[in-house]
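# Requesting a structural model of the entry that follows:
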Amino acid sequence: MPTPSDSADRHDLAAGFWRLADPKITLASMASIFLGASAAVRDGSREWGWLAVVVAGIFALEWAKNASGEVFDFASGTDQAVAPEDRSPFSGGKRVLVDGLLTVRETWAIAIAGYALCIAAGLAIVAFREPAVLWLGLAGVALAFFYHAPPLKLSYRGWGETAVFAAYGPLVCCGTYLVMTQSLAPWVPWLALPLGLLVAAFLWVNEFPDCRADASAGKRTLVVRLGRRRASRVFVAILAGAFAFTVVSLALGVPAGALGGLVALVPAAGAARILLAAPEETRRVVPAQARTLAAFVLYALGAGAGLMLG
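Numbers count the residues shown, from 1 in each chain. Alright, predicted model coming up:
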């Protein structure tokens, strides 16, 4: 395993932990939690205490996933291979090992603490609120850990995008709704699918700056497999599919208030235009990354507000 290229004066446990646990890392999961909670409120639930347990557990899982992922990506050489011109605020990993802020042992300790807290929150929900959430929780922890870890290494084998779609779409949204209502309305999974697609699109666009580094380290993401030019067209198709399904989902029982999520069309259209124009240049891809992030956040806010107001 490679060793961090840090010097002693760069080591900073607090700064390293903050990079791994910065609340911004939870934007995708909090968007899905908000959507699920909004659906639950629409159906009469006001279980704010249990919602807080869900938020705490997911937050712990996010920092744990980032920490364990850092170790595996560092060991594979992916993070070290990212060229300076390909670094962006949205991709390239947290770089706590590359920049020498943490040691491998410290990073593992942070990961183990996060997984332990997440599992404790999940077991509390299973024991005292809703046993059926156990299977969703197990699936979520498995996807988080094996996203980077062997033997599955989902992100290295072209399954990372599917895992992100499943986790940040139906899994978190339905789990939140289930905890708050102790049941699962049949329309809630359909509500979550467009959000899952938009979060997967955010991962997709984030793979463009990392494409060369991922390829050199054997990380075969779908962007690496397709090449950036073709992958940019697939990105547009993912976005279009999310908004098309938002409309189609009304026929599957999703309340009309979810159409508030269509507000996300504005930043999504901008992201598509930018990425199609310059998929090879990181400095020009960064605005597309920002707009895609705005798209999934706005979808959750718009659809969630529409559900509650409706």
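# And the strands in the stretch 201-310 of the chain?
Per DSSP state E, counting those that start in this stretch, the stretch 201-310 of the chain carries no strands over any range.
# Which residue ranges of it form helices?
211-216, 222-226, 228-248, 265-277, 282-309 (DSSP state H, counting those that start in this stretch).
# Now the second one: buried residues?
Judged by neighbour count (16 or more other C-beta atoms under 10 Å), helix 222-226 contains these buried residues: Leu222, Val223, Val224, Leu226. Every residue, glycine included, has its C-beta placed from N, CA and C.
# Identify the residues contacting that helix?
Gly158, Glu161, Trp204, Glu207, Phe208, Cys211, Asp214, Ala215, Ala231, Val234 (C-beta atoms under 8 Å, 6 or more residues apart in numbering).
# Dump the residues you listed to JSON lines, plus pLDDT, neighbour count and distance to Leu134.
Shown next, in JSON lines, are those (pLDDT from 0 to 100; neighbours: other C-beta atoms under 10 Å; distance: C-beta to C-beta, whole Å):
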{"residue": "Gly158", "pLDDT": "95", "neighbour count": "16", "distance to Leu134": "29"}
{"residue": "Glu161", "pLDDT": "96", "neighbour count": "21", "distance to Leu134": "26"}
{"residue": "Trp204", "pLDDT": "98", "neighbour count": "25", "distance to Leu134": "31"}
{"residue": "Glu207", "pLDDT": "96", "neighbour count": "21", "distance to Leu134": "32"}
{"residue": "Phe208", "pLDDT": "96", "neighbour count": "28", "distance to Leu134": "37"}
{"residue": "Cys211", "pLDDT": "95", "neighbour count": "23", "distance to Leu134": "38"}
{"residue": "Asp214", "pLDDT": "94", "neighbour count": "22", "distance to Leu134": "34"}
{"residue": "Ala215", "pLDDT": "94", "neighbour count": "17", "distance to Leu134": "39"}
{"residue": "Ala231", "pLDDT": "98", "neighbour count": "21", "distance to Leu134": "37"}
{"residue": "Val234", "pLDDT": "98", "neighbour count": "15", "distance to Leu134": "35"}
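# Can you lay out these as JSON lines showing distance to Asp99?
Converted to JSON lines, the contacts of helix 222-226 look like this (distance: C-beta to C-beta, whole Å):
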{"residue": "Gly158", "distance to Asp99": "28"}
{"residue": "Glu161", "distance to Asp99": "27"}
{"residue": "Trp204", "distance to Asp99": "26"}
{"residue": "Glu207", "distance to Asp99": "21"}
{"residue": "Phe208", "distance to Asp99": "22"}
{"residue": "Cys211", "distance to Asp99": "22"}
{"residue": "Asp214", "distance to Asp99": "19"}
{"residue": "Ala215", "distance to Asp99": "23"}
{"residue": "Ala231", "distance to Asp99": "28"}
{"residue": "Val234", "distance to Asp99": "32"}
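# quick one: which of the residues you listed is nearest to Ala83?
Of all those, Ala83 sits closest to Cys211, with 10.8 Å by C-beta to C-beta.
# The closest one contacts Arg229, doesn't it?
No: if you go by C-beta atoms under 8 Å, Cys211 and Arg229 don't touch, sitting 11.0 Å apart.
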